[in-house]
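Asker: I'd like to go over a predicted model; first the sequence, then the structure.
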Amino acid sequence: GENVEQHPSTLSVQEGDSAVIKCTYSDSASNYFPWYKQELGKGPQLIIDIRSNVGEKKDQRIAVTLNKTAKHFSLHITETQPEDSAVYFCAASMGGNMLTFGGGTRLMVKP
Amino acid sequence: DTAVSQTPKYLVTQMGNDKSIKCEQNLGHDTMYWYKQDSKKFLKIMFSYNNKELIINETVPNRFSPKSPDKAHLNLHINSLELGDSAVYFCASRNREGGKLFFGSGTQLSVL
């Protein structure tokens, strides 16, 4: 089955700096890669996703890149703000039905 | 209106008891899931139901039994609770293959 590894497990940045979280996946058949943000006491919420026919996608301060050959994808957050502090999860699946999640990254943005 | 709602939010119980967690989605989605999140925040799928039919059943002890009375509801019943069952359980739903996955706010289960 699919295996997704995520790094780093914790990330601390100064407000205004950029943050990058990286994931690798094992199953070359995976074609859907979402990113979720989980705030304290809440369920994960989708913030951005990318499909294998696209190399990069951007939504305001958030961008995701995908390298199918290397089987890795990354989340980039620019101009970080304290409200970006949360746990971020990457995930991968083929067809979108069964998502396999990475281990999560706790992002702390210091004011 | 909450898209995916689950109750209760907190559940504290003794070892050996039987408990249920309820989940409802008002999004008209066909597929619903149960995920388990352990103390290290690792999210793992437990079950997936498509239109009331079980389609994924990961290696979960048979003490866990999902029940879907209709496609808007997926409840989780747990028999003979063990200490290791303590975790946060998330219900989720999706509309179609590759569609966005919506999570509930979670049920924190503590087994004493």
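Answerer: Arrived safely. Residues are numbered from 1 along each chain as shown, chains lettered A, B, ... in the order given.
Asker: how about the residues of chain A near chain B?
Answerer: A:32, A:34, A:36, A:38, A:41-46, A:49, A:51, A:87, A:89, A:95-101, A:103-104, A:106 (CB under 8 Å from any CB of the partner chain). In short, each C-beta sits where N, CA and C put it, glycine included.
Asker: give me the buried subset of these.
Answerer: A:32, A:34, A:36, A:38, A:43-44, A:49, A:87, A:89, A:96-101, A:103-104 (16 or more other CB atoms under 10 Å in any protein chain shown).
Asker: mind telling me what element the residue nearest to the spatial centre of chain B is part of?
Answerer: Centrality entry for chain B: nearest residue to the mean C-alpha point is B:Trp34, 3.2 Å, by CA atoms, centre = their mean. According to DSSP states H and E, B:Trp34 maps onto strand B:31-37.
Asker: after that strand, next one along is what?
Answerer: Following strand B:31-37 toward the C-terminus (DSSP H and E): strand B:43-50.
Asker: that next one vs strand B:31-37, what angle?
Answerer: 160 degrees (axes from the mean of the first three to the mean of the last three CA atoms, to 10 degrees).
Asker: what pairs with strand B:43-50, parallel or antiparallel?
Answerer: Sheet pairing of strand B:43-50 (DSSP bridges) gives strand B:31-37 (antiparallel), strand B:53-57 (antiparallel).
Asker: show me where pLDDT drops low in chain A?
Answerer: Low-confidence segments of chain A (pLDDT under 70): A:96.
Asker: point out the residues in chain B that sit beside chain A.
Answerer: So chain B meets chain A at B:4, B:31, B:40-45, B:48, B:55-56, B:90, B:92, B:94, B:96-106 (CB under 8 Å from any CB).
Asker: which stretches in chain A count as strands?
Answerer: A:4-7, A:10-14, A:19-25, A:32-38, A:45-51, A:56-59, A:62-67, A:72-77, A:86-92, A:100-101, A:105-110 (DSSP state E).
Asker: okay, those strands, which one's buried deepest?
Answerer: Among the strands of chain A, strand A:86-92 has the highest mean neighbour count (mean count of other CB atoms under 10 Å in any protein chain shown), at a mean of 25.
Asker: run the chain-centre distance for it.
Answerer: For strand A:86-92, the separation from the chain centroid amounts to 5 Å (computed by CA atoms, centre = their mean, to the nearest Å).
Asker: and it, what other elements does it pack with?
Answerer: Under the contact definition 3 or more CB pairs under 8 Å, 6 or more residues apart in numbering or on different chains; DSSP states H and E, strand A:86-92 sits against strand A:4-7, strand A:19-25, strand A:32-38, strand A:72-77, strand A:100-101, strand A:105-110.
Asker: now these in JSON lines, with distance to A:Glu56?
Answerer: What follows is the helices and strands packed on strand A:86-92, written out as JSON lines (distance: least, CB to CB, whole Å):
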{"stretch": "strand A:4-7", "distance to A:Glu56": "19"}
{"stretch": "strand A:19-25", "distance to A:Glu56": "14"}
{"stretch": "strand A:32-38", "distance to A:Glu56": "12"}
{"stretch": "strand A:72-77", "distance to A:Glu56": "9"}
{"stretch": "strand A:100-101", "distance to A:Glu56": "22"}
{"stretch": "strand A:105-110", "distance to A:Glu56": "20"}
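Asker: got any ranges where chain B has weak pLDDT?
Answerer: Within chain B, the segments meeting pLDDT under 70 span B:1-2, B:97-98.
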